[in-house]
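**Student:** could you look at this predicted model? Sequence included:
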Amino acid sequence: MTTALLFGADSVYAGGKEFSLRAYAGNLSRDELVAAVGESHRLGKKIYVTVNILAHNRDIGPLPPFLEELDSLGVDGLIVSDPGIFRLARVYCPEIPITVSTQANVSNYESAAFYRDMGAARIVLARELSLEEIIRIKSQVEVELEVFVHGAMCVSYSGRCLLSHYMTGRSANQGACAHPCRYSYQVVEEKRPGQYYPVEEDEHGTYIFNSRDLCLLRHLPGLIEAGVDAFKVEGRMKSPLYAATVARVYRQAIDRYLESRQPYTGWEIEAWMRELHTVATRPFTDGFIAGESPQIMDIHKTGVFGRTDFCGVVKGYDHYRGWVEVEQRANFGPGEHLQLLLPGGELITLDLQELFDAEGQLLDRARHPLQRVFFSYDRPLPEYSLIRRKG
């Protein structure tokens, strides 16, 4: 959370231990939510809490005390998809603004008007909309609009998928998705049991449900001119390096356009895309922003090139010894050409000469997860700076 805010995000969204769509992410305890609200507000930023499951009867009883607790914590907003949770939120935390989740499938101006009339402050539009449709909704309905611009996309309409529940018993709509859309598949004809037929397959199978990742960087000017109020990056269960890189690139691109109102140059787009590819796990797509596209599915499970390794996080600086303290995230050591990514966007080349442990003993590698290691540097580096290595 802190990394995303320091590297350019204006706000973050996070889940509590219950009622969010990332059941296996760890999520934030009450004490962590208290700390998260305090840190966000100290930085002049906002934090939204996801209460975005599609609720069953068993969920209703525990919801009022949870909503009252969020109210007492001073969170800046809720993200809700279920009308029942929406109704409860209006009763038990009426002062917290409600954002309607993309799970609600808002894809037309009448739906947007419905949620506005119900008291929604903001609507995260369905990912399946074109720019023209977004413009139409904004012109028809006076409500804040939020649009996903980057990150993983669900194979199902606005994320409402039943594959995981059917195949594994884990409900995506309760936050427990097993991502069966990433599995490999082959086709069997009903009257020919045991005979498997390829459909655009590689040596591992076919990936007919495997969506590319969304990247609307080059479309930001059009979305800004359309009056979109917030851009959303899907980044749950991702590394701090992912959060930092994507926040940094989109912050730069947004600010660049707002300052000049001039189209991006080819060089700018190329540089930003090169950075985004350093943390990409799948090829990119423009999604539906220009209308229906055949480039949404990654049927060949295309490889991604140019990725970087996340080596460590700067945790402090020893002024007496002139040492930077690093928490290791991947194996690295002296003799490597690394890069430092600093809050604020600066990128520094680091040719690592020596590495030490806390007792000052020389190390040949930082080998152990979360190991604290040190290297000499002529000036302090900000906490939360990141170390990466080109792959």
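**Tutor:** Structure's in. What do you need? Predicted, not measured: the structure shown is a model, and the values here were computed from it. Numbering: from 1, shown residues only.
**Student:** residue nearest the middle of the chain, spatially speaking?
**Tutor:** The centroid of the chain falls nearest to Gly235 when counting by C-alpha atoms, centre = their mean (1.5 Å).
**Student:** so for that residue, what pLDDT did the model give?
**Tutor:** Note for Gly235: predicted pLDDT of 84.
**Student:** now the strands for the stretch 201-350 of the chain?
**Tutor:** Under the criterion DSSP state E, counting those that start in this stretch, the stretch 201-350 of the chain contains strands at 213-215, 230-233, 284-285, 308-318, 323-328, 337-341, 347-351.
**Student:** next one: the stretch 1-150 of the chain
**Tutor:** With DSSP E, counting those that start in this stretch as the criterion, the stretch 1-150 of the chain has strands spanning 11-15, 46-51, 77-80, 98-100, 122-124, 144-151.
**Student:** quick one: strands adjacent to the third one?
**Tutor:** For strand 77-80, sheet partners with direction are given as strand 46-51 (parallel), strand 98-100 (parallel), following DSSP bridges.
**Student:** neighbours of Ala121, how many?
**Tutor:** Look at Ala121: counted by other C-beta atoms under 10 Å, it has 16 neighbours. C-beta here means a position set from N, CA and C on the backbone, and glycine is covered the same way.
**Student:** so it sits against Glu95, correct?
**Tutor:** No: Ala121 lies out of contact with Glu95 (C-beta atoms under 8 Å); the separation is 11.3 Å.
**Student:** before we move on, the earlier item: now render the strands of the stretch 201-350 of the chain as TSV, adding distance to Pro193 and mean neighbour count.
**Tutor:** As requested, the strands of the stretch 201-350 of the chain are arranged in TSV below (distance: least, C-beta to C-beta, whole Å; neighbours: other C-beta atoms under 10 Å):
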stretch	distance to Pro193	mean neighbour count
strand 213-215	36	21
strand 230-233	45	18
strand 284-285	35	20
strand 308-318	45	19
strand 323-328	51	20
strand 337-341	54	18
strand 347-351	56	12
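**Student:** can you pull up the bridge partners for the residue lying closest to Val326 once chain neighbours are set aside?
**Tutor:** Beyond its immediate neighbours in the sequence, the residue positioned closest to Val326 (C-beta to C-beta, 6 or more residues apart in numbering) is Gly312, lying 4.1 Å away. Bridge pairing for Gly312 (DSSP bridges) gives the partners Gln328, Ile387.
**Student:** tell me the confidence at Gly312?
**Tutor:** Note for Gly312: predicted pLDDT of 97.
**Student:** what's the answer for Gly61, then?
**Tutor:** Note on Gly61: pLDDT of 96.
**Student:** ok now do it, which residues does it touch?
**Tutor:** If a contact means C-beta atoms under 8 Å, 6 or more residues apart in numbering, then Gly61 has no contacts.
**Student:** quick check: the gap between it and Leu88.
**Tutor:** According to C-beta to C-beta, to the nearest Å, Gly61 stands 11 Å off from Leu88.
**Student:** likewise for Gly322?
**Tutor:** Note on Gly322: its distance to Leu88, by C-beta to C-beta, is 55 Å.
**Student:** and these two? Which one has more around it.
**Tutor:** With neighbours defined as other C-beta under 10 Å, Gly322 and Leu88 compare such that Leu88 has more, 19 against 14.
**Student:** sketch out the low-pLDDT regions of the chain for me.
**Tutor:** Across the chain, residues meeting the criterion (pLDDT under 70) sit at 22-25, 157-160, 173-175, 197-207, 293-294, 299-301.
**Student:** for the top helix by length along it, name the packing helices and strands.
**Tutor:** Longest helix of the chain, by residue count under DSSP state H: helix 240-260. Helices and strands touching helix 240-260, by 3 or more C-beta pairs under 8 Å, 6 or more residues apart in numbering; DSSP states H and E, are helix 2-6, strand 144-151, helix 220-225, strand 230-233, helix 266-277, strand 308-318, strand 337-341, strand 386-390.
**Student:** any idea of the angle the longest one forms with strand 337-341?
**Tutor:** Interaxial angle, helix 266-277 versus strand 337-341 (axes from the mean of the first three to the mean of the last three C-alpha atoms, to 10 degrees): 100 degrees.
**Student:** and Tyr377, its phi and psi?
**Tutor:** Dihedral angles of Tyr377 (phi, psi; degrees, to the nearest 10) stand at phi -150, psi 150.
**Student:** wait, it touches Trp323, no?
**Tutor:** Yes: Tyr377 lies in contact with Trp323 (C-beta under 8 Å); the separation is 7.4 Å.
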